[in-house]
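Chemist: Predicted model and sequence follow; I will ask about them next.
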Amino acid sequence: MKKYLYLPKDKTGNLVFPAVTFQLERYYEKTDGTINIEGKKYALDSSFAKQTMTLTSDQVKAIWEETALPTGANVIDSGKDQGNGYIWATLKFTDLPMYAPDGTEYQYGISENKTALNDFTTWAKKGNATVPTDVQQNTNLQETQSNKFTNPIQGIQPEKTDTPEVDAAFVNKRTEPLQEHNQFQAIKIWEDNDDPSFRPTMDEFKDLLTLKRTANKQSGTGGAAALEDTLQLWDDTTGTGDYKMAIEADTTNNSKWIITITPANGKTFDKYAPNGMTWKYTLSENVENGRLQINESNVNDDANKIYTPSTPNSKIGHGKMKSQHLLQKQVLSVL
């Protein structure tokens, strides 16, 4: 089979190299079989242990960088198209029986595992393709089944040769447009005897917050590395940043601040990372030595002492101060 993979980029424009896993299943002729292949009826062979093969992240990277291929999928040929941003690889399953005990021919099917390829579109067709656009037709779009595999390309037969013909071609490219979150919301609770004079202003508090997103290492064998981005608050002066933030007090509780975060102009809160895994967005306070750092240049500044999180009944200055841990680090809720 041949695999075409358009390489995605991270927030800074660096290429990401996702792994791709395939599954091989087998069919045998059966009078009342429900699988029709070339005018004959077949059934799934449950005695055949489904085989998997992974074109690893390291292999994808090596193909792009034109270096020696590391261990992974059985790659018999490969290359890249730098101008269009994709790699290709011809892969081979080996040691496959051609005939059933009754002398009839086995047929095989190949599908793609989409568990760790969220927000990637898959096209596939039977036979070879010299360029990915030959495969990227609406009729070749592959639906993902409930088990997270695409529908198999069926009717594949093994060959007794070291250079078999390509029986199926697959293409992956990040979905356009990507799935997005509209906005996030977080809550900050101040426990300071309802005395707002001990709090930073809402604008000051914005600068005490950090918005990050993280994606786990791509699951499965040979997956792409974990990813992390620190997003930047929009700056009206420079016209740069990733998100905007609005803070307002709850109408029934002045000590409860509602924080709403939306994408800045032209930016998005993508649901999935370029390695195919889910982004997790986290909002955290800038805390050092147990204190909110409103003045980062001087950790002992009186301002920092005032905004100490989770310090029950501590006497700082002239009042009891406590800033609840509720927001110290919070995975954001999606709206």
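Modeler: Everything's here; your move.

Chemist: so where's the stretch 151-300 of the chain shaky on pLDDT?
Modeler: Applying pLDDT under 70 to the predicted model, the residue ranges of the stretch 151-300 of the chain that meet it are 287-300.

Chemist: same thing but at 80, please
Modeler: Counting by pLDDT under 80, the stretch 151-300 of the chain contains low-confidence ranges at 162-163, 191-199, 286-300.

Chemist: For it, which segments are assigned as helices?
Modeler: With DSSP state H, counting those that start in this stretch applied, the stretch 151-300 of the chain shows helices at 202-206, listed in chain order.

Chemist: Show me the strands in it, by range?
Modeler: Listed in chain order, the strands found in the stretch 151-300 of the chain under DSSP state E, counting those that start in this stretch are 153-156, 168-174, 180-181, 184-191, 209-215, 227-231, 243-250, 253-263, 269-270, 280-285, 287-288, 291-292.

Chemist: Throw those into a markdown table and include mean neighbour count and distance to I110, thanks.
Modeler: Using the backbone N, CA and C atoms, a C-beta is placed for each residue, glycine as well. Compiled in a markdown table, those are given as follows (neighbours: other C-beta atoms under 10 Å; distance: least, C-beta to C-beta, whole Å):
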| stretch | mean neighbour count | distance to I110 |
| --- | --- | --- |
| strand 153-156 | 20 | 5 |
| strand 168-174 | 24 | 5 |
| strand 180-181 | 14 | 32 |
| strand 184-191 | 20 | 40 |
| strand 209-215 | 19 | 27 |
| strand 227-231 | 16 | 29 |
| strand 243-250 | 16 | 42 |
| strand 253-263 | 17 | 39 |
| strand 269-270 | 22 | 29 |
| strand 280-285 | 18 | 32 |
| strand 287-288 | 14 | 51 |
| strand 291-292 | 22 | 55 |
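
Chemist: Including distance to Y99, could those go into JSON lines?
Modeler: As requested, those are exported to JSON lines (distance: least, C-beta to C-beta, whole Å):
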{"stretch": "strand 153-156", "distance to Y99": "15"}
{"stretch": "strand 168-174", "distance to Y99": "21"}
{"stretch": "strand 180-181", "distance to Y99": "51"}
{"stretch": "strand 184-191", "distance to Y99": "58"}
{"stretch": "strand 209-215", "distance to Y99": "46"}
{"stretch": "strand 227-231", "distance to Y99": "47"}
{"stretch": "strand 243-250", "distance to Y99": "61"}
{"stretch": "strand 253-263", "distance to Y99": "58"}
{"stretch": "strand 269-270", "distance to Y99": "49"}
{"stretch": "strand 280-285", "distance to Y99": "50"}
{"stretch": "strand 287-288", "distance to Y99": "68"}
{"stretch": "strand 291-292", "distance to Y99": "73"}
